[in-house]
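1. No letters, just coordinates:
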């Protein structure tokens, strides 16, 4: 590839690689942590109400209606809410807003693999904190007040959660820097830090519509925090793209938040399926990390994850495999419906037998 | 505002300010260059076909179907197409991909006001080339091969176009740098540089769905150029946000491109209305720059633009006013329907009479 015209920023970048979205055949798709349940029926109604003729007009650049709905749901003021095109965009904007050459990003080695990409791409120094042997986070390493701490809670791809007390210790120990808590998977069993926002000026909570609200296909994410942090994110957004959510995404996201009963019901169903699946995987000889998310991270006592990944794919079941140090013998398996998880465990059982 | 946690990047930034989208009352809205005609009827059909249940799944991160449709329309290969969340995002990504501390961006002083924001925000040096007294671009100033030239063609907010020959001169004179031609308004009467792509490796053409394809509310834009430039944009995108277009935006954009007859018809109607409106404004004592876009840039011989802007707003007609050196006696007026333009000219006539 001729890179004559490329900026230095991208000359050697290794971009993030999203989980595959194959089109070749129908898979049991457990590889990108999508929700197995469709969005609330109110989403379809809300989208259908967006008049096609209005699509000629720009959406509201302030996303005021969606911010108001989110603020009500979380007991905050609209000025404490930022919305963006998926939590990936909100995270990218947060790196731009709260890190620079002098303010490093501080995060674990095993975590969402987009963080080091943001760091390298935006010219931020990163301090990487290795997780312990059991994949828990060594809190004392995050108490140094030397940069912007970025934590996924529950962590990905491990699923291990931090308690509210642990998050609070980190907030207290880092008064001079923003602490970003990426709660993409919080609704499946974790303890959200949202209730700490009014007590910690440095806390930014980031969540997404892609997981617990079944809207991965609509691209919406949000951040909650004190007004100064939200204003910083708005400054970034208005230096990049004033309108990041389209009219239908705004309508869909708002309807998804409004249907509380559906949200609580689907989240609790997924948590229940996760517990059943964890039990079955353990019976099959898997070591399964304790997960608070809509996925489990599992390693087999005998058969390498690499082989299981490939054989599952051949059998029509997609899971995620990371060919990276420390985690290259694990599979990350999204929690689907009970029926999908039965296909998964039955298929694994067959594969494990053939690998004797 | 407490900026304790803000990165240096945003501490003093002056973000771009989009045209207002007021909700207080119904206006004749001629301030953000939206298309007065709704999108093609095929857009509503295509969006309605996106199953609500599929919204739980991520969209195609490669946007393959939309790229293929655009490639067919413009006689290119899909590898020569990039799509993003509106042309603002594509422009931001282009600044990240093709400028850095050593490669400045080179653009006119009177042009799209987002360029200097990108430059400042991403730490790019900018070389600003003043336009001539008549608002035309001094081509010789863009022949220095000293940075990435960024040109809006036709220019905004003036509406003045460059010929294909002029664009080609710039491409030839800047072999060591990308030349970005922002053709947001090209379909209303300009000469597109798309046909030069196979001859100039350094040419990147950027267009949008927000103007000629009536989809400002759906957030889609695209870039056309040689594979190496497109690969650079993909590297940027995959370092920021893998999925920038949602499922409905992808479907809407594709349908809009496919309906060629509707596209040509609405563009030519707007061009015709622009000519009629230009004539009427001149009769009212306006100096109107020759426009190839879906707006006109006009200054009155007697009454200051600032006053006309305010009075029009009070009378329910929104236009755009830029309080900036050299252009602070001009109004940028979007071309609406014939009926809307009659309201504009009748209202202006009344205001001009009262200002005697």
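-> It's in. Remember, predicted model here, so these are calculated numbers, not experimental data.
2. the strands in the stretch 1-150 of chain A, which residues?
-> Here the stretch 1-150 of chain A has its strands, by DSSP state E, counting those that start in this stretch, at A:28-29, A:81-84, A:105-108, A:126-129, A:148-152.
3. Please name whichever of these is nearest to residue B:82.
-> Nearest to residue B:82, of all the strands of the stretch 1-150 of chain A, is strand A:81-84, at 20.4 Å by Cβ to Cβ. C-beta: built from backbone N, CA, C; applies to glycine.
4. Tell me which other helices or strands that closest one touches.
-> Here strand A:81-84 is seen to pack against helix A:64-74, helix A:86-98, strand A:221-225, helix A:227-237 when contacts are counted using 3 or more Cβ pairs under 8 Å, 6 or more residues apart in numbering or on different chains; DSSP states H and E.
5. follow-up on the earlier one: turn the strands of the stretch 1-150 of chain A into a markdown table, columns for mean pLDDT.
-> As requested, these are exported to a markdown table (pLDDT from 0 to 100):
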| stretch | mean pLDDT |
| --- | --- |
| strand A:28-29 | 96 |
| strand A:81-84 | 98 |
| strand A:105-108 | 98 |
| strand A:126-129 | 97 |
| strand A:148-152 | 98 |
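6. can you put the ones you listed in JSON lines and add mean neighbour count?
-> As requested, those are arranged in JSON lines below (neighbours: other Cβ atoms under 10 Å in any protein chain shown):
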{"stretch": "strand A:28-29", "mean neighbour count": "22"}
{"stretch": "strand A:81-84", "mean neighbour count": "26"}
{"stretch": "strand A:105-108", "mean neighbour count": "25"}
{"stretch": "strand A:126-129", "mean neighbour count": "17"}
{"stretch": "strand A:148-152", "mean neighbour count": "27"}
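7. Distance to residue B:146 added to these, as CSV?
-> What follows is these, written out as CSV (distance: least, Cβ to Cβ, whole Å):
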stretch, distance to residue B:146
strand A:28-29, 50
strand A:81-84, 35
strand A:105-108, 34
strand A:126-129, 34
strand A:148-152, 36
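8. rewinding a little: reformat the helices and strands packed on strand A:81-84 as CSV; add mean pLDDT and distance to residue B:215.
-> Shown next, in CSV, are these (pLDDT from 0 to 100; distance: least, Cβ to Cβ, whole Å):
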stretch, mean pLDDT, distance to residue B:215
helix A:64-74, 98, 20
helix A:86-98, 98, 20
strand A:221-225, 98, 22
helix A:227-237, 97, 20
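9. Please produce TSV containing the ones you listed, extended by distance to chain B and mean neighbour count.
-> Shown next, in TSV, are those (distance: least, Cβ to the nearest Cβ, whole Å; neighbours: other Cβ atoms under 10 Å in any protein chain shown):
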stretch	distance to chain B	mean neighbour count
helix A:64-74	8	18
helix A:86-98	4	27
strand A:221-225	9	26
helix A:227-237	4	22
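10. Just put the ones you listed in a markdown table and tack on distance to residue A:40.
-> Output for those, formatted as a markdown table (distance: least, Cβ to Cβ, whole Å):
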| stretch | distance to residue A:40 |
| --- | --- |
| helix A:64-74 | 13 |
| helix A:86-98 | 19 |
| strand A:221-225 | 17 |
| helix A:227-237 | 26 |
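11. and the least confident helix or strand in chain A by mean pLDDT, what does it pack onto?
-> Among the helices and strands of chain A, helix A:8-11 carries the lowest confidence by mean pLDDT, DSSP states H and E, at a mean of 93. Secondary structure elements in contact with helix A:8-11, counted by 3+ Cβ pairs under 8 Å, 6+ apart, are helix B:86-98, helix B:227-237.
12. Quick one: closest of the ones you listed to residue A:190.
-> Short answer: helix B:227-237, nearest of these by Cβ to Cβ, at 29.7 Å.
13. So for residue B:46, which of the helices and strands packed on strand A:81-84 sits nearest?
-> Nearest to residue B:46, of all those, is helix A:86-98, at 22.0 Å by Cβ to Cβ.
14. how far out from the middle of the chain is the closest one?
-> When distances are taken as Cα atoms, centre = their mean, to the nearest Å, helix A:86-98 is centred 12 Å away from the chain's centroid.
15. now do stretch A:263-272
-> Centroid separation for stretch A:263-272 versus its chain: 17 Å, with Cα atoms, centre = their mean.
16. Contacts for that stretch, please.
-> Identification of contacts with stretch A:263-272 by Cβ atoms under 8 Å, 6 or more residues apart in numbering or on different chains yields A:35-37, A:40, A:187-189, A:212-214, A:256-257, A:294, A:335.
17. among those residues, which are in reach of chain B?
-> When contact is defined as Cβ under 8 Å from any Cβ of the partner chain, those meet chain B at A:35, A:36, A:37, A:214.
18. Of those residues, which is the nearest to chain B?
-> residue A:214 (4.2 Å; Cβ to the nearest Cβ).
19. you'd agree that closest one is up against residue A:41?
-> No - counting by Cβ atoms under 8 Å, residue A:214 stays clear of residue A:41, with 11.1 Å between them.
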